[in-house]
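S.K.: sequence isn't available, so here's the structure alone:
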């Protein structure tokens, strides 16, 4: 009886590993790397200094960070709808990627083109699998994964969700509209 149970469990694990490997083949990666941010207070000082954002927008970000907790700034999901200079500038500035204190190391250089957009940036997460309209991620501090959403949700209207790979906790019910309060979400 114990042998039968072990065989069934092994078969289930093999099936799960096979499904995960097959799902990973569908991830269209734009870039990967690591990032270290400076303190959130320094980030706020940088965006205030830029005089590009309204005080109410900055105050909302500060309130979001307080509500989101200590990992808010280092765990991000960011949507970039199209290739554009001003959108890239705002994404890099407001999300803190271009702060002087931020240190980014590229593992896989950027290779997505205009036709690969929209794309999603996952900061503090490793994209593990994509299955049935769900992006499964594993928390991995300092990791950056950027993936193309073109085949998965090209119009950002399919209510693609993001879940924790291990716990299946919903992190973003709809990647086009936002995430839980502990994640710094942006859309440009």
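M.R.: Perfect, I can see it now. Keep in mind the model is a prediction, meaning the values are calculated, not measured. Numbering: from 1, shown residues only.

S.K.: just checking, what's the longest strand in this protein?
M.R.: Ranked by number of residues, the top strand in the chain under DSSP state E is strand 134-148.

S.K.: spatially central residue in the protein, please.
M.R.: Taking CA atoms, centre = their mean, the centroid of the chain lies closest to residue 122, which sits 1.9 Å from it.

S.K.: assumed that residue was part of a helix.
M.R.: No - counting by DSSP: H, G, I helix; E, B strand; the rest coil, residue 122 falls outside a helix, being strand.

S.K.: pretty sure it is in contact with residue 146, am I right?
M.R.: Yes - between residue 122 and residue 146 there is a contact at 7.4 Å, judged by CB atoms under 8 Å. Backbone N, C-alpha and C define where each C-beta goes, glycine included.

S.K.: measure the residue nearest to the centre of the chain to residue 100 for me?
M.R.: Using CB to CB, to the nearest Å, residue 122 is found at 23 Å from residue 100.

S.K.: do the same with residue 164
M.R.: Going from residue 164 to residue 100 by CB to CB gives 32 Å.

S.K.: do residue 124 as well
M.R.: Using CB to CB, residue 124 is found at 20 Å from residue 100.

S.K.: compare those two (neighbour count), which wins?
M.R.: residue 124 (23 against 8; other CB atoms under 10 Å).

S.K.: dihedrals phi and psi, residue 86?
M.R.: Backbone torsions of residue 86, given as degrees, to the nearest 10, read phi -70, psi -40.

S.K.: burial count for it?
M.R.: Residue 86 has 8 neighbours, counted by other CB under 10 Å.

S.K.: could you report the pLDDT at it?
M.R.: Here the pLDDT value assigned to residue 86 is 94.

S.K.: OK, contacts around it?
M.R.: Residues counted as contacts of residue 86 (CB atoms under 8 Å, 6 or more residues apart in numbering): none.

S.K.: roughly how far apart are it and residue 160?
M.R.: Taking CB to CB, one finds residue 86 at 25 Å from residue 160.

S.K.: same check on residue 83?
M.R.: For residue 83 relative to residue 160 (CB to CB), the value is 20 Å.
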